[in-house]
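Visitor: let me see the structure of the following:
(2 chains)
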Amino acid sequence: MAATDAELAPDQFEDLVDAVTGGPVELDGLVVQYEDDGYVFEVPDLHREHLSVEELERVAAANAEWVSNWHFWNVVVGGEGTARRAFLRWLEATDEHSVRARYDAMRDGGIHHEWGQLHVTVELGEVGYRRYELRHVDDSEADPDELTVHDEPRDLRDLSKYDDRGRYRPLKTAPSLVDGWVLPELTSGELKEALGVVYPATVENWHREHEGNLDVSHWRETAERQTGIYGVVEELPREAVEWVTEAACVDSQCLKRREWEYDEDDDLETPGGDGPFPCREPCSLVVAAARKWTKLEEEEEHTYEFDLTPSEKEQLEAIVDTVSEGRTDEIREADVYEGANRYRARYLRAKRFDEDGNLCGVPTEE
Amino acid sequence: MQALVIVAHGSHLNPESSTPTYAHADTIRESGAFDEVREAFWKEEPSFRDALRTVESDEVFVVPLFISEGYFTEEVIPRELRLDDWEPDLWESDGTSASQATLYAEDVDKTIHYCGPVGTHDAMSDVIVKRAESVTGNHDVGDGFGLSVVGHGTERNENSAKAIEYHADRIRNMGRFDEVKALYMDEEPEVDDVTDYFESEDVVVVPLFVADGYHTQEDIPEDMGLTDDYRKGWDTPAEVDGHRIWYAGAVGTEDFMADVILERAAEAGADVRDALEKVREATGGVPASGD
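Guide: So this is what the prediction gives:
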C-alpha cells in the first residue's frame, strides 16, 4: 500500500536513530541496530545491513508501518511493564497479529472491544498514532450523529454518576451505565483515564490477573479486617455469604467477575460472572450491606400464621421477585394480571393490612 | 514521577459527597504539580484498597480530605492502603499537629508519604475566615461579628473536637471577630443553642465539614432554627432569637481547600512550588498563616 509508505514523520526517524544509539531496537518484528560497519534493518521477509544513516532513512520510509508502530509503542505510549501499556497492546492483540494485519484492521473500520458496558474502538491516525473511540455497547452500531459528542474523559464523571432514571450509581460497575454519548478522538492516555473514570482500577486488576499476581482477599479475610461499625460482619453465617453474593455480585448486578470466595479453599456456589475484569475482594457496598444482613440474621425465627388465598401468596412472591429483578418500572399501569402491579398491591394492602401495616393483622414479634 | 492521591470518605447514598474532592483534584491537576492526581474513597471507587495501583509513579503523596486525626486517618486509611509499618506515633502528633510519615506499600512497591488530614492544617483557619467573607459578602467581616466553627463532635474520638477548638483558638487570636466559639452537633456546647453563646447580633456559622450533605444542609440548619423544614430553604442571614445567623456551607467546598491539600503535600516533600502559585491564583488563596 503505497499511500501508507510515506507515513513517517522526520522526528519519528530521528527518535529511532537516537534509540539505536542506546542499543538494538526490537518490537513486533522490527529489529534495528548498529554494527561496526553500519545499521542493520530487519522486518519479516527483509534483512538489510551495512546501511549508512541516509540508506537507513530510505529503508525506514519504505517500511514506515513498522517504524511508526515502534514509535507509537516506545515513544508515545512507553510505560514498559505498566497496566496501561499491557491493556493498550491487548486491545490490538499485538502478540497474535502482525503489524501489517493490525494496521489494515485499524484502517478498515477499527479494532473493537467491550469493557463492561463500554465499547472501545482503535483506529489508525496519522503516522501510526492511534485514535481511540469510546461509547456505550448499546450504541455500538449507532450513527455518531445521534450521539452526544464529548472530548474530555472527565465528562464521563457526570455521565456515569446517574442511571437512566436519574438515580445515583454508588457502584460504578453496576450494569446501569447510560448510553447516548461518544468520545470520538481520545489519545491512548485519555482512553486509560476515561476507563479509570467509568470503571476505576479495572485495568490495573485485569493486568495483575494477566500477570498471575492478582491479590484476592476472600470473604473471611476481608470480614476479619473490618473494624468499627463493620466489625460485626465476620459473624455473618457462611450460608448468608452465599446469599449476599447472589444478591449483589452476579452479572445482573455487577459486571466485575468475582474471584473471591468464602475462603481460600472454600468456594461459593454463586456464579462469579463472565466479565473481562476481576473483582478481587468484597467491595464497600457489599460490606455495608453485609453489616445490615448480619444484624438481621441475628434475629430468631418465629412462626406466624397468615390467612391468604393461593393467589395472594403468589402475589407476595411476585412482588419480591419483581423488586429483586428491578422490573417494577416495566409493569404497565393497568396490567392487573401482574401481581406486582400497583393497583394489585394497593388492593392487597387494603384487604390484608391493618391500620398499623401488619399483614393480616398479625403483629411483628420482637 | 510523583503522584498525589486525595483520600476522602465518599458516600453510597449522597451523590454530592465526592464533589469537593473532584473539584480540588481538578484544580491541582490543572496546576501540573503532579504527574498524576487521583481521588480515592472509603465508600466509592477507586477504593482505598485499589487506589495506589492506579498510579504509575514510584513516589506517592497521600492527603486525607478529612477534618480531624482519628479513626479514619490513623486506622482505616493506613490499613486499607496497606501501609504495613504504619503506627500513629510516626506522626508525632498531639492530636492536631500531624504532618507526614514516609512508608512503603509492598503490594504496589511504592514510597508513600502519608500526610496529616487537611482539617488540622493551619491554613484551614484561613479557609474558615474566607468562608465567613464569602457568606457575608464582606471582605473585611469581623468587627461586630461573632464566628462559630461547628464540628461533628463525637465522644469516640477526642481529636474530632480538638481540631475544631484548634481553629477556633487560632481565629480568636487573630483578633478579627468580636467572639469566636466552637460548637458541636453531637456534644456540648451544642449548635442547637447557638444564640445562647453569642452577644453579637451578627453571627457567622461555618461548619467544619468536608462536603455538604445531610448534616450541613438538613440537620444543622433545622437544629439552629434557621428553618423548620430544610426543603423550604432559609434566609442568609436568618433571624433567630434576635440574632442574624449567617450560615455558610461546608468549609470543604471552598476553592481554597486545593491550596491546603498542596501545602500538605509540599510539607511532605513534594515539589509543588510553581503549582502553589498557580493554584493560589486560581482559588484566590493567600499563603498559609505562619509562612
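
Visitor: let me see the ranges of the helices in the stretch 51-200 of chain B.
Guide: Taking DSSP state H, counting those that start in this stretch to define them, one finds helices in the stretch 51-200 of chain B at B:77-80, B:123-136, B:158-174.

Visitor: ditto for the stretch 51-200 of chain A
Guide: For the stretch 51-200 of chain A, the helices defined by DSSP H, counting those that start in this stretch cover A:53-62, A:64-71, A:83-91, A:99-107, A:155-159, A:188-198.

Visitor: ok, back up a step: JSON lines for the helices of the stretch 51-200 of chain B, including mean pLDDT, mean neighbour count and distance to residue B:27?
Guide: From N, CA and C alone the C-beta is placed, and that goes for glycine too. Formatted as JSON lines, those follow (pLDDT from 0 to 100; neighbours: other CB atoms under 10 Å in any protein chain shown; distance: least, CB to CB, whole Å):
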{"stretch": "helix B:77-80", "mean pLDDT": "97", "mean neighbour count": "21", "distance to residue B:27": "22"}
{"stretch": "helix B:123-136", "mean pLDDT": "95", "mean neighbour count": "22", "distance to residue B:27": "14"}
{"stretch": "helix B:158-174", "mean pLDDT": "92", "mean neighbour count": "20", "distance to residue B:27": "22"}
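
Visitor: residues contacting residue A:253?
Guide: Counting by CB atoms under 8 Å, 6 or more residues apart in numbering or on different chains, residue A:253 touches A:171, A:174, A:175, A:247.

Visitor: near chain B too, which of those?
Guide: Taking CB under 8 Å from any CB of the partner chain as the test, chain B is in contact with residue A:171 out of the contacts of residue A:253.

Visitor: and of the contacts of residue A:253, the nearest to residue A:105?
Guide: Closest approach to residue A:105 among the contacts of residue A:253 (CB to CB): residue A:175, at 28.4 Å.

Visitor: for chain B, see how far away that closest one is.
Guide: 15 Å (CB to the nearest CB, to the nearest Å).

Visitor: dump the residue contacts of the nearest residue to that residue once chain neighbours are set aside.
Guide: The shortest distance from residue A:175 to any non-neighbouring residue, by CB to CB, 6 or more residues apart in numbering or on different chains, is to residue A:255 (5.6 Å). Contacts for residue A:255 (CB under 8 Å, 6+ apart) come out as A:116, A:117, A:173, A:174, A:175, A:199, A:273, A:275, A:277.

Visitor: would you map the strands across the chain?
Guide: Going with chain A. A:25-27, A:30-35, A:38-43, A:46-51, A:111-115, A:118-124, A:130-136, A:148-149, A:181-186, A:257-258, A:278-279 (DSSP state E).

Visitor: was after chain B, sorry
Guide: Applying DSSP E to chain B gives strands spanning B:2-8, B:36-41, B:59-64, B:100-105, B:110-115, B:145-151, B:179-184, B:202-207, B:238-240, B:243-247.

Visitor: wait, which of the strands of chain A is closest to chain B?
Guide: strand A:278-279 (10.5 Å; CB to the nearest CB).

Visitor: for the closest one, which outside residues touch it?
Guide: Against strand A:278-279 from outside (CB under 8 Å, 6+ apart): A:173, A:205-206, A:209, A:214, A:216, A:249, A:254, A:256-260, A:272-273.

Visitor: kindly report the same for stretch A:98-113.
Guide: Against stretch A:98-113 from outside (CB under 8 Å, 6+ apart): A:4, A:28-30, A:44, A:65-66, A:69, A:91-94, A:97, A:119-124, A:130, A:133, A:140.
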